[in-house]
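Enquirer: sequence plus the predicted model coming up.
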Amino acid sequence: MRYCRFLFGGGPRYGVVDDCAGEACIVDLASAPEEDLAFRLAHGGATASSLMFHITPLSTARLLPPVTPSKIICVGRNYSDHAKELGNEVPAEPLLFFKPPSSLLAPRGVVRMPATSSRVDFEGELALVIARRVRNLNEEDWRTAVRGYTLANDVTARDLQKTDGQWTRAKGFDTFCPVGPIVSDEVVPEAGLTIETRVNGELRQHGSTLDFIFSIPQLLAYVTSAITLEAGDLVLTGTPSGVGPLQAGDLVEVSIPGLGVLANTVAAD
Ligand code: MG
């Protein structure tokens with residue numbers, strides 16, 4: 001199952017992403033709250049024939065972030081090559097931080113570079129979409145906690161990250177969390193997903209989820225030993241090496257085969 005969220009008729013709608021005569025299209029699921037969508041997906045109600053209101057090409061839809069999380073939990077330094085490039089030790093335990101839901105940005109939206117920062121970096125990441133309320137998860141049960149996967153860009157004011165002493169502002173500016181374009185449960189991170197980030201078409205990051213320091217089961221067990229996750233919450237799994245600064249006018253694209261391309265432009269605020 002692949003789905004997205006998009007604007008239609010003045011409001012947000014969820015839609016199943018399908019193949020329509022060789023082109024990716026959205027089959028509208030009508031306006032559905034997150035939990036209702038999960039129910040429909042779980043009970044097989046989301047078939048094109050039963051729920052079809054409207055079909056629109058994915059390429060021209062006004063996409064929204066495909067999730068409405070109560071919180072966005074991020075993992076720092078989960079690829080050893082990225083930890084080394086910033087001069088950091090490989091951590092003994094996952095390093096967690098939050099991004100606020102107000103930092104969410106839609107696919108094709110504009111990342112606004114704040115005037116208070118002189119270095120805004122991209123960080124392409126695989127993100128987990130949580131399926132249900134979960135706390136104290138056992139590692140072996142991790143699949144029941146994940147609805148699917150999407151792409152994220154953990155945009156970071158690198159200079160403020162260093163000078164502030166903690167990361168709330170540097171990671172939390174409005175527009176600093178592009179997410180999407182789709183959520184899919186049809187990819188298998190534990191088998192190895194190639195994640196790439198391009199800036200103006202030039203390859204800048206190339207990593208594999210096989211190089212995680214902490215696996216998805218380990219991350220979810222660690223997070224939920226402290227924090228209850230809710231349906232629709234996001235967990236960003238860290239970025240590989242190659243992070244670097246963005247400039248006004250740049251086009252930044254994060255991609256994983258099967259999850260599409262998360263494309264955003266950059267402008268001064
Ligand atoms: Mg990151």
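Expert: Good, I have the coordinates.

Enquirer: ok, and what's touching stretch 225-235?
Expert: Contact partners of stretch 225-235, identified using Cβ atoms under 8 Å, 6 or more residues apart in numbering, comprise 34-35, 38, 67-75, 96, 127-136, 145, 147, 150, 152, 179, 219-220, 223. All C-beta spots, glycine's among them, are computed from the backbone N, C-alpha and C.

Enquirer: excluding its backbone neighbours, what's nearest the closest residue to the ion within the stretch 51-200 of the chain?
Expert: Nearest residue of the stretch 51-200 of the chain to the ion, counting by Cβ to the ion: residue 154, 3.4 Å away. Once flanking residues are discounted, residue 154 sits nearest to residue 123: 3.9 Å by Cβ to Cβ, 6 or more residues apart in numbering.

Enquirer: what of residue 194?
Expert: The nearest residue in space to residue 194 (Cβ to Cβ, 6+ apart) is residue 208, at 5.7 Å.

Enquirer: I'd say that neighbour and residue 195 touch.
Expert: Yes - between residue 208 and residue 195 there is a contact at 7.2 Å, judged by Cβ atoms under 8 Å.

Enquirer: how near is residue 236 to residue 248?
Expert: Going from residue 236 to residue 248 by Cβ to Cβ, to the nearest Å gives 25 Å.

Enquirer: higher neighbour count, those two?
Expert: residue 236 (27 against 14; other Cβ atoms under 10 Å).

Enquirer: nearest spatial neighbour of the more buried one, skipping sequence neighbours?
Expert: residue 74 (4.2 Å).

Enquirer: now the helix or strand where the one you found lies, how far from the chain's geometric center?
Expert: Using DSSP states H and E, residue 74 sits within strand 72-76. Between the centre of strand 72-76 and the centre of its host chain there is 10 Å, according to Cα atoms, centre = their mean, to the nearest Å.

Enquirer: list the helices and strands it packs on?
Expert: Counting contacts by 3 or more Cβ pairs under 8 Å, 6 or more residues apart in numbering; DSSP states H and E, strand 72-76 is packed against strand 95-99, strand 234-236.

Enquirer: from residue 165, how far out is the residue nearest the centre of the chain?
Expert: Centroid-nearest residue in the chain: residue 152, 3.1 Å away (criterion: Cα atoms, centre = their mean). Look at residue 152 and residue 165: by Cβ to Cβ, they are 24 Å apart.

Enquirer: check residue 235 too.
Expert: For residue 235 relative to residue 165 (Cβ to Cβ), the value is 24 Å.
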